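> Got a predicted structure here, sequence first:
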Amino acid sequence: MPPLLTCASRVELCLWRHTIDIIDDLPTLGNAANTTALAPTAPAAPVVLVLCTANICRSPMAEHLLRAEFGRRGIAATVHSSGFMSEGKSASAEGVELLAKRGIDASTHTSRATTAEMLAAADLVLAMTAEHVRNATLVNAPTFDRIFLLKELSVAVAAHPRAPGESLPRYLQGVLPDRSRADYLGVRPTLDVDDPYGRRMKAYKATLAELDEHLVRLVDGVWGSQAASLGAVAAPPVSPLLSPH
């Protein structure tokens, strides 16, 4: 028997009764009379926002791993992260140490609080737990259609990878078509990424490995065919709003 909804959960669910914005496709270039072949062009570099509770353990590790994976494949993208607590905190020493062993420097990271503007500017938002999906949706309800649990999305894209030339907004709308806000009430143990905060290094290593597995699977499913068909492109400049710390 599913757990009863608390008063707080009912309030959250009511607040989520907003209409999700539908992102229209870009207008088709040319017309029937124009038979000149158009050279393929690279899609706009995606902006990916990664969320966790305090933006000091899971999301900084995921941010830096994902940025490195994009860079390794020559995929232009902006990746940043945020949380839902105080700002200005350094990343966990354990996470910084583990990333450094992979040649990734996260020593200058400082935590940020998630804003409606950050969510609106992101093409894809990756949350570590169902709670983070709920919190982000309350901050900016119309962005729910592009806020996903990392593990949930990585499994879905592995089964249904993005087609070459398919726009990212359209793909994200269809990859998990039956999900709803109510799916994220409570906890989802099999889909939440465990929080290593305050635990031994072994827990951080397990979380890093889990993040690595699902981020690689995510990039394979969402950007693998795009990179193969269009080739590598240079990374774009980063705006102040999206500047990673």
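Structure's in. What do you need? From a predicted model like this one, the values you see are computed outputs, not experimental measurements. Residues are numbered from 1 along each chain as shown.

> Now do the strands in the protein.
Per DSSP state E, the chain carries strands over the ranges 47-51, 78-82, 124-127, 147-149.

> Tell me which of the ones you listed lies nearest to Arg162.
Nearest to Arg162, of all the strands of the chain, is strand 124-127, at 11.5 Å by CB to CB. In this view, the C-beta of every residue, glycine as well, is placed from N, C-alpha and C.

> mind listing what Tyr204 touches?
Applying CB atoms under 8 Å, 6 or more residues apart in numbering, we find Tyr204 in contact with 57, 92, 94-95, 98, 196.

> between these, which is closest to Gly83?
Distances from Gly83 to the contacts of Tyr204, taken by CB to CB, are shortest for Cys57, at 9.4 Å.

> Distance check, the closest one against Ile104.
According to CB to CB, to the nearest Å, Cys57 and Ile104 sit 15 Å apart.

> between those two, which one's more packed in?
Taking other CB atoms under 10 Å, Cys57 and Ile104 do not tie; Cys57 has more neighbours (27 against 16).

> For the more buried one, give its distance to Ala100.
Counting by CB to CB, the gap from Cys57 to Ala100 is 15 Å.

> cool, Val133 as well?
From Val133 over to Ala100 (counting by CB to CB), the distance is 30 Å.

> Equivalent analysis for Ala156, please.
Distance, Ala156 to Ala100, using CB to CB: 32 Å.

> Show me which of those two is the more surrounded one.
Remark: of Ala156 and Ala100, Ala156 carries more neighbours, 20 against 12, as counted by other CB under 10 Å.

> quick one, what contacts that one?
Neighbours of Ala156 in contact, by CB under 8 Å, 6+ apart: 175-176, 221.

> Provide a list of residues in contact with the closest residue to Pro46 other than its chain neighbours.
With sequence-adjacent residues excluded and distances taken as CB to CB, 6 or more residues apart in numbering, Pro46 is closest to Asp123, at 4.5 Å. Counting by CB under 8 Å, 6+ apart, Asp123 makes contact with 46-48, 146, 168-169.

> can we see that at 6 Å?
Going by CB atoms under 6 Å, 6 or more residues apart in numbering, Asp123 touches 46-47, 168.
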